Structures are given as C-alpha cells and as structure tokens.
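S.K.: no sequence for this one, just the structure:
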C-alpha cells in the first residue's frame, strides 16, 4: 500500500508534508516519471553525470526523500500524456517537443529503444524497484492508434528482454486503464493485450471509476459495475495484478471539455476506499497505489495553469485543500495497519 509523492503545491513545505505522510502511511512509494526521455543523453554510452542538471536533481531528490525501507514502484512513461504517440523529450526542462531526428522516430526505432532502455536501466540501478512499469496505460494507445501500437510491440519485446537480462528478478509491468466492462474498448484491449502478454510479468491497473466507466451517477461507488475491477481477469488472464493508480473524488467535479459532471463527497470517497480494498483482496492484488495523498488545488491553480486534464484528479486526496484529514485517511490507516499484522 502506498502513494505517489504528488505535491499539493510547489513548495518545500508541501514536499516535506507529502513525503512525511507517504513514508509513514505506506510500505511502497510510487515514482512515476512523466517528464519524457533524455533521448540525446541516453542514446549512446550514457553517463548520469552528463544528464541535464534538472534531471539529476529530480532523480536524486526523490531517492533522498524516500525512506530506505520502502519498496519502490518505478514507472517511466514511454507514451505521451495523450497516450497516442511516443513520449516527450526531457532536456533542460520537462515535456519538450522531441527535437530532430527524434521527432520522426517511433516505438520500433532502434535508437528509441536503446535510449529508453539505457535511461530505464540507469533509474532501476538507482531506485532498486520491486516493480518497473515501462508502459503506463498502454491500453489507451491500443485504442488511439493501432498502427503505433503495432510498432510498440517491437519496443515491448526488446525493452523487456534487455531489462530482464540485467535484472531477471525485477517484476516488469505495463498497465491497463480500466473503462466500462464489456465495452467495445475493453474488448479491443483484451485482444491486443494478448499480443504483448509474453513481455509482462505482472499487469498494472489504472482505475478511476468516477470518470471513465460511462455509467450514471458515477460519483457514488455503489453504482460501479459489479466487475469494475475483476474484468482485469478477462483482459489479462493468468497474470498477477497490482493497482498502480487509483483514487476517488471527495468533491463535485465539472470538466465541460470532457463532458464530465460528477457529484461526489467525502463519504463516497471513503466508501470507494473500502470497496477497493475488499475487491482487491478477492483478486489477490499485490499492491495498491493511491495517486494523490493531498488535494492539490493550489498546485492546479498556480503551477498547472488550471488545466482541464489534471482537474480530474484534483480532489482525490485523503487530505483536503486545507491539509485537513478526511475520513478516508482513517480508513486507509486501518487497512494499512491490518496489512502489517
């Protein structure tokens, strides 16, 4: 059980608060790198000291702030944030457009595969993770661009084999973003996952049922489809599973750009937490990672530019925007303590 170190605001105090909480109330910390790949630095004979200073600082800071006794879930996006193409470029700043010649390369390009693998091996050696996810929410690429997914299959095979050769006991993952069970989308994902199953040791699950399942009154977890979580057994049979991203809003959500208008509250969030733990036990889920420990209203307004996408998860914290604990924080603590008995 654990969290990502997602901050509620871009301050040292927020960093201290978040790491103090996730180090004390979880036994796994999720370090998910979404900034892109330093393609140039990692492309040939990589040397960490030659990476841009901001990259070195980000990695070293995360390691230094994470307690040594924690298990690590490490993820490095190979997909962009829209989940329809290769990821961005991480240079002097994060999420830059890929420069030439990387802008014309795709997943199956040997240079891309080499750069990604080199960067991944560098971070694996530093974080010593229990799990490594090389394709968060690959299911969305399956749905968004089948041609690029076909190229991704080459990427998956070669990245998996290269990392497995160096770290044979590391659990390698891709993750599936669950949507409405039995839908045409999930049927497509089921078919296409079969094409990469040999390069996956454990299947990660990304699930935000209040936003992406398509049912009525989605803010109430009692309305979730009965197989909202167990559908993963149909999509990826005979694999172990881990929830690598989840959360539930404790306030109402309105994002007209995505036709989202969801009513929820603190009680609904707490109900989902209990429901998730109970269902996860039935499926023998290995790990549960709650995305954000704190609501991030200030970060959303001041740093993220009040963007539509990140608003979807803004109010999923176990603590509200005033850093006050919700009832779900107590529920989390109870289950966490139970897991240690």
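M.R.: Looks like it came in fine. Computed from a predicted structure; not experimentally measured.
S.K.: what are the ranges of the strands in the stretch 51-200 of the chain?
M.R.: Assigned by DSSP state E, counting those that start in this stretch, the stretch 51-200 of the chain shows strands spanning 71-76, 131-133, 171-177.
S.K.: closest one to residue 309 among the ones you listed?
M.R.: strand 171-177 (13.5 Å; CB to CB). Heads up, the C-betas are built off the backbone N, CA and C, glycines and all.
S.K.: could you check the angle strand 71-76 makes with the closest one?
M.R.: Relative orientation of strand 171-177 versus strand 71-76 (axes from the mean of the first three to the mean of the last three CA atoms, to 10 degrees): 60 degrees.
S.K.: what are the buried residues along strand 171-177?
M.R.: Within strand 171-177, the residues that count as buried by 16 or more other CB atoms under 10 Å are 171, 172, 173, 174, 175, 176, 177.
S.K.: which parts of stretch 268-286 are buried?
M.R.: 268-273, 275-277, 279-280, 285-286.
S.K.: ok, residues contacting it?
M.R.: 202, 205, 209-210, 219-222, 224, 228-230, 232-233, 240-243, 246, 248-250, 288, 316, 326-328, 331-332, 335 (CB atoms under 8 Å, 6 or more residues apart in numbering).
S.K.: at 7 Å what do you get?
M.R.: Contact with stretch 268-286 is made by 202, 219-222, 229-230, 240-243, 246, 248-250, 288, 326-328, 331-332, 335, as judged by CB atoms under 7 Å, 6 or more residues apart in numbering.
S.K.: and for stretch 225-240?
M.R.: By CB under 7 Å, 6+ apart, stretch 225-240 touches 176, 178, 181, 186, 189-190, 193, 197, 200, 202-203, 205, 207, 209, 213, 215, 241, 279, 283, 286.
S.K.: in that stretch, what counts as buried?
M.R.: Buried-residue list, stretch 225-240, by 16+ other CB under 10 Å: 228, 229, 231, 232, 235, 236, 240.
S.K.: likewise stretch 298-305?
M.R.: Those would be 298, 299, 300, for stretch 298-305 by 16+ other CB under 10 Å.
S.K.: may I see the buried residues of stretch 162-173?
M.R.: Neighbour-count burial for stretch 162-173 [16+ other CB under 10 Å]: 162, 163, 167, 170, 171, 172, 173.
S.K.: residue 329 is in contact with residue 320, isn't it?
M.R.: No: Residue 329 is not in contact with residue 320 according to CB atoms under 7 Å; the separation is 10.0 Å.
S.K.: so which residues make contact with the lengthiest helix in the chain?
M.R.: Scanning the chain for the helix with the most residues, using DSSP state H, yields helix 146-166. With contact meaning CB under 7 Å, 6+ apart, helix 146-166 is reached by 78, 85, 106-108, 113, 116-117, 120-121, 132, 134-135, 141-142, 170, 172, 192, 195-196, 199.
S.K.: show the average pLDDT along that helix.
M.R.: Averaging pLDDT along helix 146-166 yields 98.
S.K.: now the angle from it to strand 171-177?
M.R.: Using the same axes, to 10 degrees: helix 146-166 against strand 171-177 is 160 degrees.
S.K.: how far does helix 146-166 sit from the chain's center?
M.R.: Distance of helix 146-166 from its chain centroid, counting by CA atoms, centre = their mean, to the nearest Å, is 19 Å.
S.K.: and what of stretch 253-262?
M.R.: With CA atoms, centre = their mean, you get 22 Å for stretch 253-262.
S.K.: cool, and stretch 21-30?
M.R.: Using CA atoms, centre = their mean, the offset of stretch 21-30 from its chain centre is 15 Å.
S.K.: for that stretch, give me every contacting residue.
M.R.: Contacts of stretch 21-30 (CB under 7 Å, 6+ apart): 1-5, 66-67, 70-73, 244, 287, 289, 293, 332-333, 336.
S.K.: select only the buried ones of those in ChimeraX?
M.R.: In ChimeraX syntax, the buried subset of the contacts of stretch 21-30 is picked out as below (16+ other CB under 10 Å):
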select :1,2,3,4,5,66,72,73,244,287,289,293,332,336
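S.K.: which stretches of the stretch 201-341 of the chain form strands?
M.R.: 202-207, 241-246, 253-255, 260-262, 288-290.
S.K.: just send the ones you listed back as JSON lines, with mean pLDDT too.
M.R.: As requested, the strands of the stretch 201-341 of the chain are arranged in JSON lines below (pLDDT from 0 to 100):
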{"stretch": "strand 202-207", "mean pLDDT": "98"}
{"stretch": "strand 241-246", "mean pLDDT": "98"}
{"stretch": "strand 253-255", "mean pLDDT": "98"}
{"stretch": "strand 260-262", "mean pLDDT": "97"}
{"stretch": "strand 288-290", "mean pLDDT": "98"}
